[in-house]
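Colleague: Dropping the sequence and predicted coords here.
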Amino acid sequence: MDRIYLDYAATTPVDQQVLEAMLPYFSHEFGNPSSAHYYGQQADGAIEQARRTIKSLYNADGYDVIFTSGGSESDNLALRGAATEQRKRTGATKILTSSVEHDAITRTASQLQQKSGFIYAKLRVANNGIIDLSSLEEQLNKQVALVSIIYANNEIGSINPIKEAAKICHEKGILFHTDAVQAAAHLNIDLNGLDVDYMSISAHKLYGPKGVGVLFKKKFAPLLTQITGGAQESGLRAGTSNVPLIVGMAKALELNLESVETENIRLLSLRDQLITGVLENISGTHLTGDHTNRLSNHASFVFEGLSGNDLLIALDMAGFAVSSGSACKVGNPKPSEVLLGMGIKPELAIGSLRVTLGKFSKKEEIDRFITALPEIVNLLRKEKRSENGR
């Protein structure tokens, strides 16, 4: 079957240039960067060059670049490390996030509340999934240790006003983190201009390898290490450094930022074609997230009278790889917490679909998808009506 991949928000294939950059560090450049001899020095030099490259790409002078195993670990390190240290310094015990965060944020904050005595509160969002800055300001007080707001939502693609949110928090002396795992693939991010205290990104969302990410930490921002052992990453994240993946991440970020502006123009055209085709050809369909202030590659919908999982399976059988919400929730029959947090009713939220494009997406693939989807939706609805009539 000629399969079509439309799930680039879940992961992306490794770019050939990224693979070539990594290969030497799996073989003849195999040294442990913590070793003092030649082999260790070569490996350590590769890591520090990657760190310098990433700092330059994100205008991150004044930030530490902490290599992690991916976006989830970066989020965990930021929330656990910053909240715990800030409580020690100021006595603040409250963690505030939006109601549409990734599970790496919500489950971490929930565990900190259940096991470590923190208070966890969620900031309500508008029906487009974007935070209300005035509502954020109203909830800030001296009890808030840390605020975490997702930059661009993984399920609905909406982009939050992160610079403005960070400024509001800083005016009240409150630390601010953003999960930019999805945003980094499609936005030009200037960290010094953004002025967040912590930011998480991951390589595999932008044609780099799985299993490596970064937490940017503003110098002097508090952070208690969560993985103890050696002195790697300036003592903030112990463990033997994954040299090939770190090198690959730096190369992937470099290649991505070289082409992001022209690629966004191309993806916007395909995305808008897809959204228009779905909404015009399938009744009882609603776009989720903001109509315009969303990632260039991201389209997401809910369908009346459908199960998102049934739709996902049917589309896969027809040769289309898509997602029902976040890839982390595949197989979960419960409605998405993100959609519920936007005020979408559970019976509608359970019929969600996410379609995300990438650098290998073509117009003819979108044409095929728009042609196939209405037939599949109509068939599934007919089957459901038949089952309910028994």
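Modeller: Sure thing, it's come through. Numbering: from 1, shown residues only.

Colleague: in the stretch 251-390 of the chain, which spans are helices?
Modeller: 308-317, 337-341, 346-349, 363-388 (DSSP state H, counting those that start in this stretch).

Colleague: what's the spacing between the second one and its chain's center?
Modeller: Between the mean C-alpha location of helix 337-341 and the chain-wide mean there is a distance of 16 Å, by CA atoms, centre = their mean, to the nearest Å.

Colleague: Show me what that helix is in contact with.
Modeller: The list of residues contacting helix 337-341 from outside it, by CB atoms under 8 Å, 6 or more residues apart in numbering, reads 98-100, 106, 122, 124-125, 129, 153, 155-156, 288, 302, 325-326, 346, 349, 352. (Each C-beta comes from the backbone N, C-alpha and C, glycine too.)

Colleague: same thing but 10 Å
Modeller: Here helix 337-341 makes contact (CB atoms under 10 Å, 6 or more residues apart in numbering) with 98-103, 106, 122-125, 129, 150, 153-156, 158, 288-289, 300, 302, 308, 325-326, 329, 334, 344-346, 348-352.

Colleague: Ok, which of the helices of the stretch 251-390 of the chain comes nearest residue 251?
Modeller: Go through the helices of the stretch 251-390 of the chain one by one with CB to CB and the one that ends up closest to residue 251 is helix 363-388, at 26.9 Å.

Colleague: what about the stretch 51-200 of the chain, any weak spots by pLDDT?
Modeller: Applying pLDDT under 70 to the predicted model, the stretch 51-200 of the chain contains no residue that meets it.

Colleague: The contacts of helix 337-341, buried ones only, as a PyMOL selection?
Modeller: Command for PyMOL that selects the buried part of these, burial taken from 16 or more other CB atoms under 10 Å:
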select buried, resi 98+99+100+101+102+103+106+122+123+125+129+150+153+154+155+156+158+288+289+300+302+308+325+326+329+344+348+349+350+351+352
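
Colleague: Just the ones of the contacts of helix 337-341 in strands?
Modeller: Where the contacts of helix 337-341 overlap with strands, as defined by DSSP state E, the overlap consists of 98, 122, 123, 300, 302, 352.

Colleague: show me what contacts the fifth one?
Modeller: This points to residue 302. Residues counted as contacts of residue 302 (CB under 10 Å, 6+ apart) are 284-288, 308, 335-336, 339, 344-345, 347-353.

Colleague: Show me where this structure has its strands.
Modeller: Listed in chain order (using DSSP E), the strands of the chain are 4-5, 63-68, 94-98, 119-123, 144-148, 175-179, 198-202, 213-218, 285-287, 298-303, 320-321, 352-356.

Colleague: coming back round to it: with distance to residue 232 and mean pLDDT added, can I get the helices of the stretch 251-390 of the chain in a markdown table?
Modeller: Output for the helices of the stretch 251-390 of the chain, formatted as a markdown table (distance: least, CB to CB, whole Å; pLDDT from 0 to 100):
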| stretch | distance to residue 232 | mean pLDDT |
| --- | --- | --- |
| helix 308-317 | 40 | 96 |
| helix 337-341 | 34 | 95 |
| helix 346-349 | 42 | 95 |
| helix 363-388 | 43 | 94 |
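
Colleague: what's the closest of the ones you listed to residue 17?
Modeller: helix 363-388 (23.6 Å).

Colleague: That closest one relative to helix 308-317, how many degrees between them?
Modeller: For the pair helix 363-388 and helix 308-317, the angle between their directions (axes from the mean of the first three to the mean of the last three CA atoms, to 10 degrees) equals 130 degrees.

Colleague: Give me the buried positions along helix 363-388.
Modeller: Along helix 363-388, the positions that meet the burial threshold by neighbour count (16+ other CB under 10 Å) are 365, 366, 368, 369, 370, 372, 373, 374, 376, 377, 380, 381.

Colleague: Can you read off the pLDDT for the closest residue to the first one other than its chain neighbours?
Modeller: Spelled out, it's residue 365. With CB to CB, 6 or more residues apart in numbering as the measure, residue 4 is the residue that lies nearest to residue 365, at 4.8 Å, once sequence neighbours are left out. The confidence metric pLDDT takes the value 98 at residue 4.

Colleague: swap in the one 4 residues further on?
Modeller: According to the per-residue confidence, residue 8 scores 98 in pLDDT.

Colleague: Name the residues linked to the residue nearest to residue 275 when sequence neighbours are not counted by a beta bridge.
Modeller: Taking CB to CB, 6+ apart, and ignoring the residues beside it in sequence, residue 275 has residue 299 as its nearest neighbour in space, at 5.1 Å. Beta-bridge partners for residue 299, by DSSP bridges, are residue 355.

Colleague: The one 4 residues further on too?
Modeller: With DSSP bridges applied, the residues forming beta bridges to residue 303 are residue 285.

Colleague: any idea how far it lies from residue 279?
Modeller: When distance is defined by CB to CB, to the nearest Å, residue 303 is 11 Å away from residue 279.

Colleague: Common neighbours of the two, please.
Modeller: Taking CB under 10 Å, 6+ apart as the criterion, residue 303 and residue 279 both touch 285, 286.
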